[in-house]
Structure formats: C-alpha cells, structure tokens
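Participant: Predicted model and sequence follow; I will ask about them next.
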Amino acid sequence: MDYRRMTAPCGLDCFNCPMYQARDNEKLRRMIAERRGIPLDEAYCNGCRDEGGTIGFLRMTEPCNVYRCISAKGLDFCCECDEFPCDHLHPYADWASEVPHNTKVFNLCLIRRMGLEAWARDKAKNVKQTYFKGTFKL
C-alpha cells in the first residue's frame with residue numbers, strides 16, 4: 001500500500017477516511033451523498049495528493065496552504081520542515097465533530113518518530129478512533 005500517496009502532507013490519514021474509502025464502495029458513497037446532500041458522483045475523495053492539493057467535495061478550487069508550502073519546499077510532510085509546527089497546522093473547530101483536522105500535528109509527530117509505514121500500519125486508525133470515541137484523560 002502506498003501510504004505516502006494516501007497520507008496528506010498535513011498528516012491526515014486518507015486511507016482511514018470514509019470519503020476516501022467511498023471511491024471503491026458504492027454503498028458508502030450513497031450514504032455519504034445522502035447525508036451530505038451532494039451528488040453521488042461527488043461523494044468521494046481521491047486524497048489531496050491525487051487532487052493537486054484540493055478536495056473536490058469541499059468545492060476547493062485552489063490547493064490548501066499546507067499543500068502549497070510543502071510543494072514549494074519539495075517536502076513530503078510538514079514534519080520534515082525546519083519550521084514545523086507552523087500556523088498552517090493550527091487547530092480549528094470547523095467541522096471538528098466530523099473531520100479530524102485537530103489530529104494533524106499529533107499524526108505528524110508520530111510519523112516523524114515511528115516512520116510513515118509503522119504509523120500507518122500500527123497507529124493511525126487508533127488515533128482517529130480515539131479522536132472520535134475516546135474520553136479526555138489527564
């Protein structure tokens with residue numbers, strides 16, 4: 001599996017995302033289309049790397065700032081940058097209950113520490129499950 005291609009430069013794990021999984025799953029695509037109120041042919045995502053830094057179902061017409069930045073610097077992931085973390089990775093509450101944007105920096109730290117393959121295989125799914133279903137622990 002090409003985890004580099006299926007992991008966004010910001011650390012989001014496309015391979016665990018329902019929008020990405022809907023590419024090859026008609027039932028899931030129908031459910032997403034109905035839930036989001038979007039046409040069936042738009043109810044999936046190829047991942048930002050395959051879409052040039054844009055996400056079709058979000059109606060993005062330009063690449064996000066993270067994608068532009070890593071492209072200009074010739075990097076694969078933000079965690080490879082001397083300026084990591086920067087404001088391009090700032091956590092936002094926008095769609096926080098549905099989209100795990102706030103896991104980006106944590107994922108990137110794990111990628112840097114564990115390596116991409118080990119993170120993708122052993123940790124990424126758990127991070128997403130903890131984000132959505134875990135309880136806050138001090």
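Facilitator: Sure, I can see it. Numbering: from 1, shown residues only.

Participant: what's the one helix or strand Trp119 maps to packed up against?
Facilitator: If you go by DSSP states H and E, Trp119 is part of helix 116-122. Secondary-structure packing of helix 116-122 (3 or more Cβ pairs under 8 Å, 6 or more residues apart in numbering; DSSP states H and E): helix 104-114. For every residue, glycine as well, the C-beta is placed using N, CA and C.

Participant: List the buried residues in the lowest-mean-pLDDT helix or strand in the chain.
Facilitator: Here the helix or strand of the chain ranked lowest by mean pLDDT, DSSP states H and E is helix 124-133, holding a mean of 90. Neighbour counts over helix 124-133 (16 or more other Cβ atoms under 10 Å) mark Ala124, Val127, Lys128 as buried.

Participant: Format the residues you listed as CSV; extra columns: distance to Gly134.
Facilitator: Below are those laid out as CSV (distance: Cβ to Cβ, whole Å):
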residue, distance to Gly134
Ala124, 15
Val127, 9
Lys128, 10
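
Participant: Toward the C-terminus, what is the element adjacent to the helix or strand containing Arg35?
Facilitator: Using DSSP H and E, Arg35 sits within helix 26-36. Downstream of helix 26-36, the next assigned helix or strand under DSSP H and E is helix 65-73.

Participant: Send me that following helix as CSV with only the CA atoms.
Facilitator: Extracted C-alpha coordinates of helix 65-73, given in CSV (Å, rounded to 0.1, in the frame of the first residue of the first chain):
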residue,chain,number,x,y,z
ASN,A,65,-1.8,26.4,2.3
VAL,A,66,-0.1,23.2,3.6
TYR,A,67,0.0,21.6,0.1
ARG,A,68,1.3,24.8,-1.4
CYS,A,69,4.0,25.1,1.2
ILE,A,70,5.3,21.6,1.1
SER,A,71,5.2,21.7,-2.7
ALA,A,72,7.3,24.9,-2.8
LYS,A,73,9.8,23.4,-0.3
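
Participant: Many thanks, I have nothing further to ask.
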